[in-house]
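1. Got a predicted structure here, sequence first:
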Amino acid sequence: MAWTWYRDGAPITQHDLGELQTAESTTLTVELWWHRDNPGAEPAEDVMLQASTEDPTRPGVYLRSGLPPQDQLWWWARVVGSIGATSDFRTDWTAIGAYRALSIPIFEAGTARLIELRCTPPGGADASLYQTRLFTAADAHAVPIPPSHTRGMLSGVGDPSVSGLVAGAEITTSEPADDSIHISPGLFVLSGRAATRRGGSVVFSDEDGAGQVLNGGESYWAALSQGAGAEITVTKGGKAVDPIRPPLPDGEVFLRWIRVEKVDGSIQIDPADLDGDPTAVRHPIRAGGGLEIHIGPGRAVGPQTLRQWCRWDSIPVPPSSTSFLWQVSTGLWQISETRPDAGALGPWAAITTGETHITALEDLRSFADPPVILRWSGPTPAVGQSFEPITISQALDLETARLVADLSAATSGALRVDIERQKSNGTWSSLFPSAPTVDLRPSLEPGESEEETFPELNALAGGSRLRLTVIELPDVAPELIELAIVGRPPEGSAAVEIQRLASAEGGGDVTGPGASEAAELWVSDGTTGRALQRSQLKATTDDSSGDLLSGSPYLMKRTAGGSMNLCGPSTATRIKVTGSAVEMVAGSSTQLVVTNEPTPTQSTDPSQTGHPSLMVRDGALFYFSPGVGWRRVDGSTF
């Protein structure tokens with residue numbers, strides 16, 4: 001048999017796990033072998049491990065769903081090591097019941113993965129009624145799930161089984177080469193929670209993991225990984241002329257392998273000594289060498305399937321063209337100019353190529369669990385002055401902060417701002433407590449216009465108040481600045497995808513779905529009919545209540561009742577936002593009404609009327625852009 005199970009050196013012929021179902025604290029470690037006695041066989045790639053439970057009313061019939069152990073996710077598994085594999089691979093605990101699976105990237109023939117299992121029946125459940133078995137499938141990327149209207153990539157926030165790198169944490173060597181490597185700040189998901197790590201430098205000695213000094217021609221491998229702590233973990237292996245890579249630490253996110261050797265009597269690490277791709281989430285996409293793109297691990301929800309990858313993949317792209325990356329119903333990737341099948345997700349990237357290489361790569365990924373966006377925008381305050389605070393009504397994990405301003409006229413100094421949280425005693429403290437020693441606060445240098453950084457303090461409780469404060473200005477200050485923070489509910493609940501705003505004058509709150517609050521809307525120029533542009537806040541002398549928004553040449557104001565007055569040079573239009581509907585009225589005539597309908601209908605093209613075309617679907621706000629089609633307010637194509 002290709003797949004065989006062993007425990008304590010003895011085969012498990014029936015994959016029977018019944019002994020575990022009486023004690024939640026019990027764990028069992030088993031060996032899953034691929035061609036144990038035939039090491040010359042081809043490897044098995046993209047393996048999914050799932051559990052199935054015997055139906056008590058039909059002996060011998062095992063079901064993947066429809067029974068409590070499956071539907072209530074009693075069974076969990078993780079990879080804790082390997083036997084005979086050329087590289088180690090480990091995972092966090094992952095549910096393997098109904099609609100879930102543990103993914104393992106590769107099994108070389110004649111090798112095994114050590115898998116730890118546990119059963120967690122809820123209180124009062126009679127576990128003795130059920131018997132469970134494990135099964136495996138190779139070349140598998142999709143798990144059946146119930147029908148769902150939600151489609152897109154999964155962020156991993158709110159899922160305790162998910163850990164991986166989101167962005168940053170880039171590893172570089174010194175120039176000229178020396179005994180150190182350098183790690184940039186990074187955003188991670190660690191056991192389902194967003195977490196920023198500051199990075200730093202690591203210096204390597206000539207001693208291996210056992211404290212043995214390198215001799216001529218010898219080297220050792222070291223693994224860099226990120227755990228729950230603030231510092232990078234360094235795991236060294238033993239020295240040898242052809243060294244073996246050490247086992248990875250449990251529960252940590254792998255970043256890179258470093259080969260350490262002496263050159264002319266000293267340690268010198270150059271780019272050729274770096275190897276491996278990080279354990280990532282959210283399918284990061286990057287250009288590879290020549291005509292190919294690289295896409296990393298992640299999970300996504302499609303029509304009745306959960307699609308997941310646990311390794312990096314390389315995909316060829318055609319020369320001299322513009323094409324798109326899609327994920328088809330099987331979970332595989334396909335490059336195409338049009339949607340390849342009805343169940344395909346995407347496009348997730350637009351790739352423009354020349355004859356020999358990629359010239360442009362546009363990220364179009366969209367999420368099934370969209371984020372909450374907090375935004376300040378308006379005239380630049382003086383140093384030490386703040387925008388009005390924003391209050392959030394739900395807990396959030398903060399991920400990124402993007403600062404936008406025009407510093408083209410500046411020649412010296414910098415624009416630097418701080419995001420502060422109000423403490424219970426009324427004082428304010430920075431979300432970047434390491435500054436100025438390690439300064440991750442949003443900043444722009446002369447000539448720059450945009451920068452993204454990661455808040456150090458990620459977790460915000462419901463009811464928290466945030467404010468944006470200017471702490472440094474360049475010699476020529478920008479007229480306007482804008483800062484947007486992306487956050488996600490830590491329990492994975494439905495997020496507010498319509499972007500809320502607060503001005504420097506009046507302020508505003510971010511609230512849960514269904515609230516009649518001011519939303520950022522996208523408006524057209526109104527005179528040229530060009531693609532819709534994002535609205536921005538603007539100061540005013542109007543003393544009436546409500547938040548003010550402006551999109552050239554329109555000015556919009558939210559009243560206490562939730563309506564928004566929009567005035568252009570030759571027309572007066574009212575936009576009303578009510579939970580799941582957007583209504584735009586010109587005078588006494590209704591120009592556009594959209595609701596949370598299952599299949600949206602294309603509204604009036606703004607290039608013809610000068611007015612935005614809007615719709616709401618699955619709680620998200622969309623606008624119509626001429627020549628592009630429907631786009632969500634986060635910028636992704638519908």
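-> Yes, it's here. Residues are numbered from 1 along each chain as shown.
2. And stretch 304-323, end to end?
-> Start-to-end span of stretch 304-323 (CA to CA, to the nearest Å) is 26 Å.
3. ditto for stretch 433-449
-> First-to-last distance for stretch 433-449 - CA to CA - comes to 25 Å.
4. Tell me the buried residues in that stretch?
-> Residues of stretch 433-449 classed as buried by neighbour count (16 or more other CB atoms under 10 Å): 440, 441, 442, 443, 444, 446, 448. Backbone N, C-alpha and C define where each C-beta goes, glycine included.
5. Show residues contacting it.
-> Residues from elsewhere that reach stretch 433-449 (CB atoms under 8 Å, 6 or more residues apart in numbering): 185, 196, 198, 200, 401-408, 410-419, 430, 432, 450-451, 453-457, 471-472, 474, 483.
6. again with stretch 338-345
-> Identification of contacts with stretch 338-345 by CB under 8 Å, 6+ apart yields 151-153, 300, 302-305, 307, 326-329, 334, 346.
7. Go again with 7 Å.
-> Residues from elsewhere that reach stretch 338-345 (CB atoms under 7 Å, 6 or more residues apart in numbering): 151, 152, 300, 302, 303, 326, 327, 328, 329, 334.
8. In contact with residue 484, which residues are there?
-> 373, 374, 375, 402.
9. again, but for residue 323
-> Contacts of residue 323 by CB under 7 Å, 6+ apart are 317, 335, 336, 337, 351.
10. Report the spatially nearest residue to it, omitting neighbours in sequence.
-> residue 335 (5.1 Å; CB to CB, 6 or more residues apart in numbering).
11. Is it correct that residue 474 falls within a helix?
-> No: counting by DSSP: H, G, I helix; E, B strand; the rest coil, one finds residue 474 to be coil, located in no helix.
12. Just to check, it is in contact with residue 413?
-> Yes: using CB atoms under 7 Å, residue 474 is in contact with residue 413, at 3.7 Å.
13. Isn't residue 333 up against residue 316?
-> No: assessed by CB under 7 Å, residue 333 is found out of contact with residue 316, at 10.4 Å.
14. Looking only at neighbour counts, state which of these two leads.
-> Legend: neighbour count by other CB atoms under 10 Å for residue 333 and residue 316, higher for residue 333 (19 against 11).
15. Just give the closest residue to that one, not the sequence neighbours.
-> Nearest residue to residue 333, sequence neighbours excluded (CB to CB, 6+ apart): residue 315, at 5.2 Å.
16. swap in residue 406?
-> The shortest distance from residue 406 to any non-neighbouring residue, by CB to CB, 6+ apart, is to residue 478 (5.1 Å).
17. what separates the one you found from residue 357, distance-wise?
-> 35 Å (CB to CB, to the nearest Å).
18. One more: residue 74?
-> 50 Å.
19. Residue 253 now?
-> On the measure of CB to CB, residue 253 and residue 357 end up 30 Å apart.
20. Neighbour count for those two, which is higher?
-> Taking other CB under 10 Å, residue 253 and residue 357 do not tie; residue 253 has more neighbours (25 against 14).
21. Provide the partner residues of the more buried one in its beta bridges.
-> For residue 253, the beta-bridge partners are residue 226 (DSSP bridges).
22. Can you name the residues that contact the closest residue to residue 442 other than its chain neighbours?
-> Distances taken as CB to CB, 6+ apart place residue 403 nearest to residue 442, at 3.8 Å, with adjacent residues excluded. Shown in contact with residue 403 (CB under 7 Å, 6+ apart): 417, 442, 444, 451, 483.
23. Confirm residue 403 sits in a strand?
-> Yes: according to three-state DSSP, residue 403 belongs to a strand.
24. now, which of the contacts of residue 484 sits nearest residue 84?
-> Residue 84 has its nearest neighbour among those in residue 402, at 46.4 Å by CB to CB.
25. ok, that closest one to residue 442 distance?
-> When residue 402 is compared with residue 442 (using CB to CB), they lie 8 Å apart.
26. Find residues that contact each of the two.
-> Counting by CB under 7 Å, 6+ apart, the residues touching both residue 402 and residue 442 are residue 483.
27. Good, wrapping up.
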